[in-house]
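Novice: A predicted structure for the sequence below; I have some questions about it.
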Amino acid sequence: MVAMVAVVTLGVFFRYVLDASLSWYDEFASYLLVWLSFYGAVVATYRNRHISFDTLAERMGSAGRRTMMLISTGCSIVFQGVLFVYGVILVQTVGQDTAVSIQAVRMSWIYSVLPISGALMLVISLARFWRLLRGEDVADSGHGAPTGASSE
């Protein structure tokens with residue numbers, strides 16, 4: 001986030017103060033935004049903060065809530081596996097291509113966020129799925145903290 005703000009500020013400074021536009025700042029800022037989004041998704045997965053049907057889960061009993069959490073975590077695992085596998089394929093496909101405005105930056109570096117974030121979310125979700133199968137985390141309503149724990 002800090003890098004993105006710095007790059008955009010630099011681009012605005014060059015354009016409006018020095019009257020000399022940088023050709024690379026908007027492309028680089030968009031790459032940073034994509035990275036921020038994907039790594040933010042990893043953090044949201046770790047904290048169990050993705051969108052969920054809290055009202056429905058709260059009305060279900062413990063067994064229904066557990067089943068619902070197993071199904072949703074299983075669907076997430078499938079998606080994260082696809083993100084990882086096809087992310088690897090994409091990185092290999094664009095391996096030597098370079099960014100349009102920054103010839104020193106390889107697109108494989110930019111697209112590496114896909115398999116990395118997919119793998120990180122996959123590990124987190126597999127661990128959560130395993131805990132659910134063992135009967136743990138059943139009280140977790142999807143807010144990131146088990147019931148009774150304080151959440152800031």
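Specialist: Alright, I've got the coordinates. Numbers count the residues shown, from 1 in each chain.

Novice: so what's Val113 up against?
Specialist: Val34, Trp35, Phe38, Tyr39, Gly87 (Cβ atoms under 8 Å, 6 or more residues apart in numbering). In this view, the C-beta of every residue, glycine as well, is placed from N, C-alpha and C.

Novice: Now do the last one against Leu114, distance only.
Specialist: When distance is defined by Cβ to Cβ, to the nearest Å, Gly87 is 3 Å away from Leu114.

Novice: Quick check: closest non-adjacent residue to the spatially most central residue of the chain.
Specialist: In the chain, the centroid-proximal residue (Cα atoms, centre = their mean) is Ala41; its distance is 2.5 Å. Once its chain neighbours are removed from consideration, Ala41 has its nearest residue in Ser117; the separation is 6.2 Å (Cβ to Cβ, 6 or more residues apart in numbering).

Novice: And for Thr73?
Specialist: Closest residue to Thr73 in three dimensions, ignoring its sequence neighbours and counting by Cβ to Cβ, 6+ apart: Phe129, at 4.8 Å.

Novice: Now the helix or strand containing that neighbour: average pLDDT?
Specialist: Phe129 belongs to helix 113-133 when elements are defined using DSSP states H and E. Averaging pLDDT along helix 113-133 yields 95.

Novice: now the protein, which segments are flagged as low pLDDT?
Specialist: Screening the chain residue by residue with the criterion pLDDT under 70, one finds the ranges 137-152.
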